[in-house]
Structure formats: C-alpha cells, structure tokens
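Chemist: Sequence plus predicted model, see below.
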Amino acid sequence: MEPLPCTILWSTQGGKAKACARRTARIMRDTANSCKHTTSNSTRAVYSLPEGCYGSSFDDYGADEFFKLGKGSASKSNIHEGGSSRLIIIFISTTGDAEQCDDIKDTWRKLLRRSVPSDQFQHLQFAMFCLGDRAYGPSAFCAAGRKLAARMVQLGAQPFCDLGYGDDGTPNGGVFHDLDGWLENVLLNQMFGKRDVVMEDVSPGAGLRLPQTPYYAKLTGMSNAKGLHNGNEIEWQKKQYGAHYGRFLAASCPATSYHYNADNGRRISGSEDMPLLDDPLGGRPLVASVLSNDKITSEDWVQDTRHVRLHVVTSDASSTTTTSAQQDTMILPYKAGDIATVMPYNPKATVARFISCLPASIRKIVDDPLEISTRITSSTQYSTAYTPWPKEATLRGILTYCADICSLPEREDLRALSFYCNPNHPVGLDQRKKLLSLSETSDAALYGDYILREKRNWSDILFDFDSIQFESNTGDETNGKSTNFVPLTIGHLLMILSPIMPRHFSIASAPSGLSDGIEVNTNERGYTLRNGKFGFDMELCVAVVKGKTRYGRQYQGLCSVYFSYLKPTSRQDVHIWIRPGSFGKLPLQVDERGEFETPVMCVGAGTGVAPLRSLLQEREAARKMSLSSVELPPTSVPQSKNILVLGCRKSSMDFYYKKEWEEMKLKGDLRLLTAFSQDQEHKLYVQKILREADEGTLIAKHILENNGCIYIAGGAKMARAVKDEIVESLGNILPTGEKGAKILLYKLQRAGKFSVEAWS
C-alpha cells in the first residue's frame, strides 16, 4: 500500500511538546523499519514522515495550511474503516491559567471563528498527546489539549486513537514517561498492530544509522587566539557577530512581546497583538543594565532571593522629548503584572568543563571563528524544528550564549550521543549500550535515578561517557569487522544540543512608580534616561535555585544563578523581552472621595509576591495621581481597598518587602494578612488565613457584596488550594452551591476580575 502523508504539529511554551514530537517521529520511523507485521495487519494504512523531520509549531506551519489538511476526497465511512485519510499527530501543552501557548494563538483564534464550516476537517484524522501538570487541578490539567480536540471534532475531524495525557509530576521522566506508555500501548498499536520488538544491535559493523545533521561548520580562516572576550567586549556585541546573534535571539521572541519605537523608545500601542514582522527590532530582545542587585532574605537563611533593578534601553537616542499633548496620551512602557522574559548565559566554568570533555579535534578550534550553514531553508514549514544557530560565531560563544548545556539531557539526546561512543575505546561498546538503554522506555527508572534525581547535565554525561572524546583508531577494524564509527563533529554537536530557552519572571514593580534616580529628567511617567540611554526601569524578585542531590551532587538553576552573579554596571548585557501577564485588567478607577471604585484582594506566597507588588504599587500610584487633582475635606481619609494575603516560611527570614507592606498598612493603604508556615508548631498557609478571616466571611463579602477582584500568584499547589477555598466559601452561600461558585468564578475570569498566575 502506498504510504499516506502524516503531519506532526506541536504547541509548546518551554519546549517539552517539541521534544515529545522529536521522540515520536524517531520511534515511528524505527518501528516502521523494524517491526514484523502479522497477516491480519497487512491491509492497514501506512503513514510516512519525511526523513529527519519531526514537525512544526502550529503558527509557524500556518493556520491556512492547517485548514488545508482537512481537504481531500475520502469519505467519512472510509476514514472510520482506516482508509485513505490524512493523519495529523499533535502535541500540545497548557500554559498559564489553562490557556493555549503562544505558538498556537493565531491558529486557535481562527479555529474559534463561527465562519469555519462544520465539515472543515471531515477528511482528517488526528492523534493527540496533551501535556500538563495535575498540580494545577483537574479542570486545568491538559485543558488546552482537551479544548483543541473538542473543537477539531466539532469541525469534522476523527480521532485516530485515544488521547494521551502527560503529567509533569509523573515519576521517572514526567510527561516523557507518559508519552512512552501512550506510544507503545495506543498510537503504535493503532498504526502497526501486533509487532515483534527487535533489539537494536550495537556491535561493531552492525550498521547503526547515523543521524543526518542539517548543520555544516567550517573555519573562516581567521584565528581568534585572544578568545571569547576582547577587553570588556562580549562576543555577541562584536561587530562581526552581532547581527548573527541577533537573528538567533529573535527566534526565541515571545509571540506576544511588546514592540518599542526605535526612534523615540516608546512602547507601541497594541503591539502585543501585532506580528513580529511589524516589530522595529525584528524580534530581537531589548538590552538592560543592572542598577542594583540586593539580597532580600536573611544572611543565615537557606534561600537566597534577590531584588534586581534593571534599566531597559529602548532607544540609543540621548534626546527623545515629547510635547505635553503627546505626554497626555503616552502609554506606559509596560503594564502592572507584566512578564519579563530573560535570556541567560551559561557560566564560564560550565562551558570550560563541557569543552574539556569534547574530542581534541573540536577543542583545538573552539575559539576560532566558524561559519555555520544549514541545508534547511527558513521558508520551509518545518524550519522551526531546527535551531537557527548564529551563522558566524566561535564554538565557545555558541556554548556560552546559545546552547543549553546546563539542562538535563532528554532520552533522545542520550540515544543520539550513543552513536559517537568509539568502539575502539576499552569500554566504548559498553557505554554505547548504556546510553541506548537509558533512552528506552524499559529503563525509565534508571533514567530517573541517573539523570533526573542526580541532576546530571551535558557536561556530566560527556565526562562519564568519555569514549565520545576518544579519537584513536578511527575507521579501523575490530576482530575483522568494520567499526562503522564516525567521530563527533561540530555539525553533529549542533544537531544534538538544544538552544537555551528564555526564562519568564513576573515584574515586581509598577511602571508608574519607577521614575526616580540619576539623569531621569524625561518628564514622562514610567520612562527614564540613564547614561545617555533612553528606556525604563523595572524590578524583579528572583529566588536563586541551588541545592544538593541525595548523593551530594551540587546543582543550580541557570537563570537564577545568572542573576545572582550580575553586578551593577552601566554596560547593557542582559537580553530581555516584555510581554503581557495574567493581570491585564487591573481596576484603577478612583471616585470623587479618593477611594477605589473596585476593591482588590491579592493572594500569594514566596516570589509570587512579585506581580502582586506590581499591582498594588500601580494602584497606589493611580490613586495618588487622582488625589493630586482633587481637594478633599481635611477630615476625609480615603480607604485604598487593597487587601494582601501573603505567605512565606518565617517572618524573620523571608518576609519579602516587609517594610513596604507595613508602611502601607500604617497609612491605611493596605490590609495585610500573613501566613508564616514555620513560625509555629503547626503549618499555617494562606488558604487557612482566607478561610478564617472576618469569621469566615472575607471571601464572600469581597466578591458578592463589594464586587471585588481577586488575583492569585505563586506555586501551582498553593494557587489550586486558594481557588478551592474560594469555591467552597462561595458555594456555602450561593443557592446553586459549588457549581454556581465555579460558574461565577468563570464569569469573573472572563471579565478580568479573577486571575491566576501559577508555576510548578
């Protein structure tokens, strides 16, 4: 039977859905090449994938092309019988408060149009694997995937097999462990039926298929003996490399990031909904300098949390004045509750260790200028499956600023590395077998112990499997058999490594409240001028991730440690994008008495206080601006109607921004309720404070009587517990019980009066 076309699409925020697509494509090809069909399965449809391809993100594939997949000549009955129909395999993650990821939003928006015909996908079958985290609760778990599947069925598509569900919390691999189970027991069974499992032969001469790399690296002929840095100049800042690094960084730009006018430095109104093609910077990040970096936890506390203040440059122009009329309509550089997306660098020591574990042929040219070319053109729909490495750079520069060598290698990475274990090394074949074993479903527990629980990164793997750097006797024969060995090259290394994924931090400051400081005299709310650079200031609250595994191995988080090492400087070397957060409809209206028309309750724990601080600061800034133009009676004391319910572990150790909250409380600008979980014998959390406040009536009065908003930020488990508490409290009062409470929360969410920003 002629193979039928198969398309793989993904939607991801952090890269996991893309990684699932990569593993699935490889396993499908291997199964098709090695499985033995029974006679009863000979009439099954055979689906094909282009060699080396593992799909594209939805929006890069294009909504119009996606709609075309449903067009064909097959009948519905033929589809039900497994006849000639197009198959699409989908991997879709859920982000935020049960929302779609950025790289499917355009397609999703068009899918929801009422004008789409109900038979749009009548000639299409789909298999879908949904990624999520059960810690967010049953209603949010894999919500994006469930919504997409329901919509596709509404438009005539037929499920090829049962949906798969991946949970980040699954032991020994998280979503990848669940993916393997779904592939083995559901998708591949539906595709190939019963099959015999053929173990891969790793012996010399066995003919392992070396993956074909799309990258080619060659020396430009220029020596760079001075290394990565020339004085204070960083490689991506050098003239010959800057544009190439800029294109690499632009590929990581969030789809909803703000655009800024390159001439006057102001944010362009509505730019979060504009395509990146309209961005004056072409998707490249803004650059920022560090103004201050202070530890805000006690010196003897286990956690190191930093308050980092940055100056983000939006224009190099030293003079960007505007008229007073323009200032009246000027929009702020960002909104309260927005998110800063940061691209970190790898530590020098980690890069040096990684390089020391590479073959000598690569080590000796690590600082020489390279020209990187690829056989994948940017016009193809599948170009996003491959990393757009800088076309000109040094390998050390790529390993420092681009490649995610601090991450934990995925199973497919370990399998790819196994091809480069030299069988002429004394334990080369054993190491190849070990890497292949670690990549298989049957050894998920071994992968969990060796990689996940012991936090082994790329340098650790290359160090442990030293036959990869062994180059002696390449191409010889062993016991009369050809070794069929090809050493690791820069091209193959770039194929295996993944790019650094940008990290997301809730902004901890209000744009209206940060216009003080040196050389700030711009007379514009929210904008600053420092060292001749126009832009804006903002603050972040960053908890540094460091720890030890159960066997004493030290590990650390890439971006948080990157922030902890940053020193105040006038040099702009922090890459950053700004995009909307979950609290974009913060009410700021103040009545004639100087009181907010809508009360706000903020609930958070730990660094979840960051966006809440931003919201409360912006509210107070708006109120002060309103009061400055209103004459109140001397006896009038306006109430701010701000409530903050804040949780941390110890009041003396990690009570973030304690002084600020107490000052606001003394002025009557804030009602503060705290939960210090470790200050007493029994743990105390924010949900209990909410339950007991005002004799159990706080939540109901705030929502039902005062028509207030509730904003929650922090860990997923905390956010889920608080939401459950709100539902229970409202359910005890509403005649329709908890069902009515959930409907009410949904309506509040649609109106922007109930929002959650949580992470796990």
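Modeler: Everything's here; your move.
Chemist: And the closest residue to residue 548 other than its chain neighbours, how close does it get to residue 454?
Modeler: Counting by Cβ to Cβ, 6 or more residues apart in numbering, residue 548 lies nearest to residue 554, which is 5.6 Å off, once chain neighbours are set aside. Heads up, the C-betas are built off the backbone N, CA and C, glycines and all. Going from residue 554 to residue 454 by Cβ to Cβ, to the nearest Å gives 11 Å.
Chemist: Compare these two (neighbour count), which wins?
Modeler: Summary of the neighbour comparison: residue 554 and residue 454, criterion other Cβ atoms under 10 Å, with residue 454 having more neighbours (16 against 9).
Chemist: from memory residue 602 sits against residue 641, does it?
Modeler: No - counting by Cβ atoms under 8 Å, no contact exists between residue 602 and residue 641, whose distance comes to 11.8 Å.
Chemist: any idea which helix or strand carries the closest residue to residue 390 other than its chain neighbours?
Modeler: Of all residues beyond its chain neighbours, the one nearest residue 390 is residue 244 (3.8 Å), with distances taken as Cβ to Cβ, 6+ apart. Using DSSP states H and E, residue 244 sits in helix 239-250.
Chemist: Give the buried residues for that helix.
Modeler: Of the residues in helix 239-250, those buried under the neighbour-count criterion (16 or more other Cβ atoms under 10 Å) are 241, 244-250.
Chemist: mind listing what the residue nearest to residue 548 touches?
Modeler: For residue 554, the residues meeting the contact criterion (Cβ atoms under 8 Å, 6 or more residues apart in numbering) are 546-548.
Chemist: separation between it and residue 351?
Modeler: Applying Cβ to Cβ to residue 554 and residue 351 gives a distance of 17 Å.
Chemist: Pull up the gap between residue 452 and residue 715, please.
Modeler: Where residue 715 is concerned, residue 452 sits at a distance of 20 Å (Cβ to Cβ).
Chemist: And residue 113, by the same measure?
Modeler: Residue 113 sits 36 Å away from residue 715, going by Cβ to Cβ.
Chemist: Comparing those two, which residue is more hemmed in?
Modeler: With other Cβ under 10 Å as the criterion, residue 113 and residue 715 differ in neighbour count, and residue 715 comes out ahead with 18 against 7.
Chemist: next one: phi and psi at that one?
Modeler: The phi and psi torsions at residue 715 (degrees, to the nearest 10) take the values phi -60, psi 150.
Chemist: Also the one 3 residues further on?
Modeler: Dihedral angles phi and psi of residue 718 (degrees, to the nearest 10) take the values phi -60, psi -50.
Chemist: which residues touch the closest residue in space to it that isn't next to it in sequence?
Modeler: In space, not counting the residues next to it along the chain, residue 718 is nearest to residue 605; the distance is 4.9 Å by Cβ to Cβ, 6+ apart. The contact partners of residue 605, taken as Cβ under 8 Å, 6+ apart, are 646-648, 675, 685-686, 714-715, 718.
Chemist: Generate TSV for the residues you listed, with secondary structure, distance to residue 127 and pLDDT as supplementary columns.
Modeler: Below are the contacts of residue 605 laid out as TSV (DSSP: H, G, I helix; E, B strand; the rest coil; distance: Cβ to Cβ, whole Å; pLDDT from 0 to 100):
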residue	secondary structure	distance to residue 127	pLDDT
646	strand	45	96
647	strand	42	96
648	strand	45	95
675	strand	45	95
685	coil	41	94
686	helix	41	95
714	strand	35	95
715	strand	33	93
718	helix	35	94
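Chemist: With respect to residue 367, which of those residues is nearest?
Modeler: For those, the closest approach to residue 367 (Cβ to Cβ) belongs to residue 715, at 42.5 Å.
Chemist: rewinding a little: distance check, the residue nearest to residue 390 against residue 257.
Modeler: Relative to residue 257, residue 244 is positioned 21 Å away (criterion: Cβ to Cβ).
Chemist: Then residue 557?
Modeler: 23 Å.
Chemist: repeat for residue 643
Modeler: Summarising the geometry, the distance separating residue 643 from residue 257, computed by Cβ to Cβ, is 32 Å.
Chemist: can you check residue 442 too?
Modeler: Plainly put, residue 442 is 42 Å away from residue 257 if you go by Cβ to Cβ.
Chemist: okay, the two: which has more neighbours?
Modeler: Just comparing residue 442 and residue 257: by other Cβ under 10 Å the higher neighbour count belongs to residue 257, 24 against 10.
Chemist: residues in contact with that one?
Modeler: Remark: with contacts taken as Cβ under 8 Å, 6+ apart, residue 257 is in contact with 272, 279, 283, 341, 577-579.
Chemist: Among those, which one has the most neighbours?
Modeler: Looking at the contacts of residue 257 with neighbours defined as other Cβ under 10 Å, the largest count falls to residue 578 at 28 neighbours.
Chemist: Having no further points to raise, I will conclude here.
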